[in-house]
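Enquirer: Below: sequence and its predicted model.
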Amino acid sequence: MKQWFIFLTVAHTLLLSGIAQAACKHEGACSQSCTLGPYFISPKDGDTVSSPLLVKMGIKGMKVQKAGEIIEGTGHHHLIIDGEYVPENEVVPADANHIHFGGGQTETTIKLNPGKHTLTLQFADGHHQSYGKVMSRTISITVK
């Protein structure tokens, strides 16, 4: 059983690596910005913003798909406010700090209190099961 788990872990890592390489080839010459996973179109890390703020989300190496079905190479965004990524294969909670975009949405407007905040994008499969840290990005912003 342990060998089977190790095999699946290695196979999953190789699959994600292959997706990342395909994404880089698709984008042309690979640079620091050419990484697998979700990214913030806006706001950017370190931005000072006003509330409410428009959050625009992107993804490299995967495709956005509505929740419901598990289709290889697809998933949807979750926005985590002042929290961390969700470990791989765990279901992303649904609460005030974990916003689901199961309809395939790639932007939203949120209200935040003044101060420093972190925003984490977590990409997950059609059943809201997290793809883990490799499919998450966290930024820090300040709301004035």
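Expert: Okay, I see it. Treat the numbers as computed from the prediction; the structure is a model and nothing was measured.

Enquirer: contacting residues around the closest residue to residue 55 other than its chain neighbours?
Expert: The shortest distance from residue 55 to any non-neighbouring residue, by CB to CB, 6 or more residues apart in numbering, is to residue 108 (5.4 Å). To be clear about C-beta, it is placed using only N, CA and C from the backbone, and glycine gets the same treatment. Applying CB atoms under 8 Å, 6 or more residues apart in numbering, we find residue 108 in contact with 54, 55, 79, 99, 101.

Enquirer: Just give me the closest of the residues you listed to residue 134.
Expert: Checking the contacts of residue 108 against residue 134 with CB to CB, the nearest one is residue 79 at 17.6 Å.

Enquirer: Show me what the helix or strand harbouring the closest one is packed up against.
Expert: Assigned by DSSP states H and E, residue 79 falls within strand 74-81. Identification of packing neighbours for strand 74-81 by 3 or more CB pairs under 8 Å, 6 or more residues apart in numbering; DSSP states H and E yields strand 53-60, strand 63-64, strand 98-100, strand 107-110, strand 115-124.

Enquirer: Pull up the per-residue confidence for residue 118.
Expert: Model confidence at residue 118, given as pLDDT, is 98.

Enquirer: For beta bridges, what are the partners of it?
Expert: residue 140 (DSSP bridges).

Enquirer: That one: what's it in contact with?
Expert: Residues in contact with residue 118 (CB under 8 Å, 6+ apart) are 81, 82, 83, 138, 139, 140, 141.

Enquirer: Can I have the buried ones of those residues as a PyMOL selection?
Expert: In PyMOL, selecting the buried portion of those, with burial taken from 16 or more other CB atoms under 10 Å, looks like this:
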select buried, resi 81+83+138+139+141
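
Enquirer: so who does residue 94 touch?
Expert: Contacts of residue 94 (CB under 8 Å, 6+ apart): 100, 128.
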